[in-house]
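In: give me a 3D structure for the following:
(chains A and B)
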Amino acid sequence: MSSNEPTIGIDLGTTNSVVATVVDGVPTVIPSRTGARLTPSVVAIANNGKRLVGSIAKRQGIINPEQTVSAVKRFIGRRFSSDEVQAARANLPYPILCGAHDDVRVELGGVPLSVPEISAMVLKELKADAEAFLGKPVRKAVITVPAYFNDGQRQATKDAGEIAGLDVIRIINEPTAAALAYGHGRTINGKLAVFDLGGGTFDISILQLKKGVYEVIATSGDTYLGGEDFDGRVIEWLVFGFAREHAADLRKEKMALQRLRDAAEKAKCELSTVKETRIDLPFLFTLPTGGAALHLQRDLSREKLQELSADLVERTIRTTAKAMADANVSPREIAEVVLVGGQTRMPAVQEAVRRFFGREPSKGVHVDEVVAVGAAIQANALTSGTAEVLLLDVTPQSLGIMVAGGYANVIIPKNTTIPTAAAHRFTTVRDDQESARIFVLQGDEDEASKNELLGEFVLTGLRKAPRGEVEIEVRFDISADGIVWVSAEDIETGLQQSLQVEPSGGLTREELQEIASRHQEDLVAARPNAEALARADVLRALLAETDEVLPQVRGIILDSTFGQDALAKAERTIQRARDAVGGADVHAIEASGAELERTLALFKGIRQRASDQSGH
Amino acid sequence: MTGAEEIEGLGRRGERVRVTLERPIGTYALSPEEAFALSRIVGEPILGEALRATGLPPPKAIDLLRGLRLKGVLRIGDAPPPAAPPQDEPGVQLTAEERAEIREMSARLPHLKHWDLLGIRRMASVDEVKDAFFERSRRFHPDRFWGRELGSYRRAVEAIFRQLKEAEATLSDPTRRAAYLAANPEKRTAAEREQDELTARRRAERSERLKRFNPLLQRAHGAADLASQAKRLADEGKFAEASATFTAAAAKHGRSEDLRKAAEETAGKARQERAAKALRSARSAQQAGDLAAARTRFLEAAEATGDPATSIEAMGSYLDCGGDAVDLRTLVSALVVAAPSNANAHALHGRVLLAAGLAKSAQAALERALRLDPNQPFATSQLKRKSRWPF
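Out: Coordinates of the predicted model:
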């Protein structure tokens, strides 16, 4: 179904954004109305109350740091109380607040705005640029996100698009988009690695290419590792140097910090081409005690920068190695390595990539523009209906549900090609359980509370039966657009309940933990596996032994003047073990087994002492 | 009675029962009771309900349902095969060809083996699997129909794509592929089997013809024949003959290092065998008191064997039977060269040299034996008596 409606691809970056389109089959980057190809992802309210976006906003940032918002991508779809947000908050020149649902709000011009609203301002700007370039209204857009973004972050990005008046036809992963752009007009058959170190995030994807089909084999990343962290290292170095020299903390001075930030970024970029650069910030700071303004002047060498950021580079390589292991691909098998993102201009990064893959990374793509170009290609491929290009993408993180004991039970493992569907059977945890609460989780951690909670629903009206007898099938469906559907069905009665997963927002890890314990009784349990059954046997033997020892020890303890509380504690331990022994939770069985063993050893010790004493 | 309870031969009580009539009911050989039980099954009840619905005592009902299942009238448990979407579903934005393509694949999906689904050979390479998967993905990935209303066709397309991915994943992984191949043995039709036979016969004829007319092939074939004959002989334990045949094969082939090595190996085995035989008959002669015969056989064994220990043992026995040490000079010097670190060999050498009257060389040999093994009995005893020797 071909349409003449234009489509665009947008790389909504942490520091810079790019918009591209396909004109007569040729992908083209759309310059802004001022002629720039990159638009800084910066929004500001100027002193005269005007809203500014892009390079104008960035330029006035130094004199107006509190009303200039940058790098907002770091907060999109995140909870205010999350560690990441709290950590980033310390170095932020602009104020952020906690929204009603624990979402992040940015105060701009006295109004608290949600993160998607801020992103939407940037998107609106790009949309206007595209409309000026194409000479007609533009609605349909593909927006890219880091591969490792979770469902909530994707949804929030989509929301930003809708707020900006765009019809977001697909959210695709940045490295995948880069691969699409790299493969455009080239004949590549084989495996391709995309190493994407952008302003705020790091992504690695391994793809298999053949005749226009791009299959993602594995993807991994780190949503908190990017160019900004490299800048941060330089800033830190400057701040500490300054503190040593003048005993003053530059970080307290917002304007100084903004100048430091700009200077650090500039110096870092320069060191990609020169060996040494000078950071020169005159009249930077006035001591609270008064006196003349202090200058900052330091030389930064390429080696020093490498030394400051060595662990960051190392982290990218570690993540890469893990992704390769997941894909069961050795570095040798990779036919091409594509570098994406401004930070990959750094020689130390290129060297690390070269060493890891044992080959020269491919040149010939524009590291800043390639993602937007790929998004434009995908937008064009979808709407043109010619299927010249087909993307087979994967789920970046595992999906599952929370089961009794507070553990996550994976239903769709990460790196599964979408669209996909899978089902697992679960069972009730207590007698006559009439409802089951299904918490849908995303992430790769064993403990449910360490994963992202995507949503929850309740399956009510279950048949009354002893625990473990009602079987519930939980089914996940992921469509080609990455939208997750979850349904749960009571196998016997056919009773069904389903939901389309939407970001739950507003829940902290603590709350999730709290929910986990509060709804312990309403959860479902994994059916006992062989390991659980084997461990349960061991536990049963321990229980039998305890039953034998306990009456003897009870007498001894009751006769003595101490250790009364030990008895109560032991009884609680025994009760816990009895609860665990019938269940399917391997962790619980193991834990209560260990606990019981300790109790038993203690009792035996008491009994031994008692018999020794009576012997004397 | 619970949903998880297993009913032998049928499945779990909670599983669904589906009627799967593929032909008119008259063509199935059903008993009247079975037909009655079948008539009670309405819709897709769970097994427990289906049994109750017959109104018969449970053992009887279970029996009947088992029979129906065996006759292929019922299916229990498996998810229903996704029905092909209706051709004239309203509101679906697909062309007639696209509908036909999806409907056809949907209908065949449950019966297709992975290779048939991908349209490749059973033994296709991993690259071919990938290619076929990519080609089919272009046709059945939902993105091909992006932006169009698909109605129930959407589920159908997604199911096909999932199955394609499953097929690709299974056939690309050696372990999973082997398991799948084993679970789905090749079924050849009579015509195909006939064809296979014909091909095999033709191939045999052709190679026969080539053997006859191509001198190079002829020679190679001759060598191959001889080699396989030799192998058979070796397997039968006829090492001497096998060795000779291997040598002949090597000569015929001209350049085969392997054949020559095989010839040597079998020759060694043949010698070993001859030595063992000689040793056995020597021992029996010794026991019978026929020392002369025993001596000849011991000497033969010592000569034949390639194993130093056997050789030493045979020569020792030869001397015990009253043999002349001087006869052993050549054999024992060869032995010392072959096994320079064997103390017993040096001791025996000393003994032979002593008997031959070469006292100095004997002493050197015995000392060497002692260096290698300080407890070597003959050497210790001789060197202890050294003072009494007229050296």
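
In: which residues of chain A fall in helices?
Out: A:55-59, A:83-89, A:115-134, A:151-163, A:174-183, A:227-246, A:254-270, A:302-327, A:347-357, A:370-384, A:509-518, A:530-559, A:564-581, A:586-615 (DSSP state H).

In: which positions in the shortest one come out as buried?
Out: Applying a neighbour-count criterion of 16 or more other CB atoms under 10 Å in any protein chain shown, the buried positions in helix A:55-59 are A:55, A:57-59. Backbone N, C-alpha and C define where each C-beta goes, glycine included.

In: just checking, what packs against it?
Out: Applying 3 or more CB pairs under 8 Å, 6 or more residues apart in numbering or on different chains; DSSP states H and E, we find helix A:55-59 packed against strand A:39-40, strand A:42-45, strand A:68-70.

In: with respect to chain B, which of these lies nearest?
Out: Minimum separation from chain B across the helices and strands packed on helix A:55-59 (CB to the nearest CB) falls at strand A:39-40, 27.9 Å.

In: can you give me the end-to-end span of stretch B:49-64?
Out: The first residue of stretch B:49-64 is 14 Å away from its last residue (CA to CA, to the nearest Å).

In: give the buried residues for it.
Out: For stretch B:49-64, by 16+ other CB under 10 Å, it's B:49-51, B:53-54, B:56, B:61-64.

In: ok, stretch A:441-458 next?
Out: A:441-443, A:447-449, A:451-457.

In: now for these: which two are most distant?
Out: Greatest spatial distance in the buried residues of stretch A:441-458: A:E447 and A:F457, 21.4 Å, computed using CB to CB.

In: mind putting the buried residues of helix A:55-59 into a markdown table with pLDDT?
Out: Below are the buried residues of helix A:55-59 laid out as a markdown table (pLDDT from 0 to 100):
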| residue | pLDDT |
| --- | --- |
| A:S55 | 92 |
| A:A57 | 92 |
| A:K58 | 91 |
| A:R59 | 89 |
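
In: looking at these, which one is closest to A:V313?
Out: Within the buried residues of helix A:55-59, the smallest distance to A:V313 is 26.7 Å, found for A:K58 (CB to CB).

In: check contacts around that closest one.
Out: A:40, A:42, A:68, A:70 (CB atoms under 8 Å, 6 or more residues apart in numbering or on different chains).

In: cutoff 7 Å now
Out: Counting by CB atoms under 7 Å, 6 or more residues apart in numbering or on different chains, A:K58 touches A:40, A:42.

In: repeat for A:T428
Out: A:436, A:462, A:467-468, A:470, A:524.

In: what residues sit buried inside whichever strand or helix holds B:T175?
Out: Element membership for B:T175 (DSSP states H and E) is helix B:174-183. Buried residues in helix B:174-183, counting neighbours by 16+ other CB under 10 Å, are found at B:177, B:180-181.

In: likewise stretch B:36-43?
Out: So, applying 16+ other CB under 10 Å, buried residues of stretch B:36-43: B:37-38, B:40-41.

In: for the following helix or strand past the helix holding B:T175, name the packing helices and strands.
Out: Counting by DSSP H and E, the next helix or strand C-terminal to helix B:174-183 is helix B:190-213. Judged by 3 or more CB pairs under 7 Å, 6 or more residues apart in numbering or on different chains; DSSP states H and E, helix B:190-213 is in contact with helix B:215-236.

In: pLDDT (mean, whole number) over the helix it packs on?
Out: Helix B:215-236 shows a mean pLDDT of 72.

In: return the residues in contact with whichever residue of the stretch 151-300 of chain A sits closest to chain B.
Out: Closest contact between the stretch 151-300 of chain A and chain B, by CB to the nearest CB, is at A:V213 (4.1 Å). Going by CB under 7 Å, 6+ apart, A:V213 touches A:390, A:392, B:134, B:137-138.

In: and which of those residues is nearest to B:Q287?
Out: Once CB to CB is applied, the member of the contacts of A:V213 that ends up nearest B:Q287 is B:F134, at 81.1 Å.

In: so the closest one sits against A:Q208, correct?
Out: No - contact criterion CB atoms under 7 Å: B:F134 and A:Q208 do not qualify, at 8.7 Å.

In: of all the helices and strands packed on helix A:55-59, which lies closest to B:E236?
Out: Closest approach to B:E236 among these (CB to CB): strand A:39-40, 86.5 Å.

In: now do the closest one: everything it contacts.
Out: Residues outside strand A:39-40 that contact it (CB under 7 Å, 6+ apart): A:15-17, A:32, A:54-55, A:57-58, A:122, A:125-126.

In: swap the cut-off to 8 Å and go again
Out: A:15-19, A:32, A:53-55, A:57-58, A:70, A:122, A:125-126, A:129.

In: export the buried residues of stretch A:441-458 to JSON lines and append columns for pLDDT and distance to A:G226.
Out: What follows is the buried residues of stretch A:441-458, written out as JSON lines (pLDDT from 0 to 100; distance: CB to CB, whole Å):
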{"residue": "A:L441", "pLDDT": "88", "distance to A:G226": "26"}
{"residue": "A:Q442", "pLDDT": "87", "distance to A:G226": "22"}
{"residue": "A:G443", "pLDDT": "86", "distance to A:G226": "21"}
{"residue": "A:E447", "pLDDT": "83", "distance to A:G226": "27"}
{"residue": "A:A448", "pLDDT": "83", "distance to A:G226": "29"}
{"residue": "A:S449", "pLDDT": "82", "distance to A:G226": "27"}
{"residue": "A:N451", "pLDDT": "84", "distance to A:G226": "23"}
{"residue": "A:E452", "pLDDT": "82", "distance to A:G226": "20"}
{"residue": "A:L453", "pLDDT": "81", "distance to A:G226": "26"}
{"residue": "A:L454", "pLDDT": "80", "distance to A:G226": "25"}
{"residue": "A:G455", "pLDDT": "79", "distance to A:G226": "29"}
{"residue": "A:E456", "pLDDT": "80", "distance to A:G226": "32"}
{"residue": "A:F457", "pLDDT": "78", "distance to A:G226": "36"}
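
In: show me what counts as buried in stretch B:233-248.
Out: Those would be B:233-234, B:238-239, B:241-248, for stretch B:233-248 by 16+ other CB under 10 Å.

In: let's see which of those end up in helices.
Out: Taking DSSP H, the ones among the buried residues of stretch B:233-248 that sit in helices are B:233-234, B:239, B:241-248.

In: if we can go back for a sec, now the helices and strands packed on helix A:55-59 in JSON lines, with distance to B:P110, mean pLDDT and mean neighbour count?
Out: Formatted as JSON lines, the helices and strands packed on helix A:55-59 follow (distance: least, CB to CB, whole Å; pLDDT from 0 to 100; neighbours: other CB atoms under 10 Å in any protein chain shown):
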{"stretch": "strand A:39-40", "distance to B:P110": "52", "mean pLDDT": "95", "mean neighbour count": "23"}
{"stretch": "strand A:42-45", "distance to B:P110": "55", "mean pLDDT": "93", "mean neighbour count": "25"}
{"stretch": "strand A:68-70", "distance to B:P110": "55", "mean pLDDT": "92", "mean neighbour count": "25"}
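
In: A:H101: which of those strands is closest?
Out: When those are compared (using CB to CB), the closest one is strand A:68-70, at 20.1 Å.

In: and the closest one, how far out from the chain's middle?
Out: 22 Å (CA atoms, centre = their mean, to the nearest Å).

In: so which of the contacts of A:T428 are also by chain B?
Out: With the criterion set as CB under 8 Å from any CB of the partner chain, the members of these near chain B are A:468, A:470.
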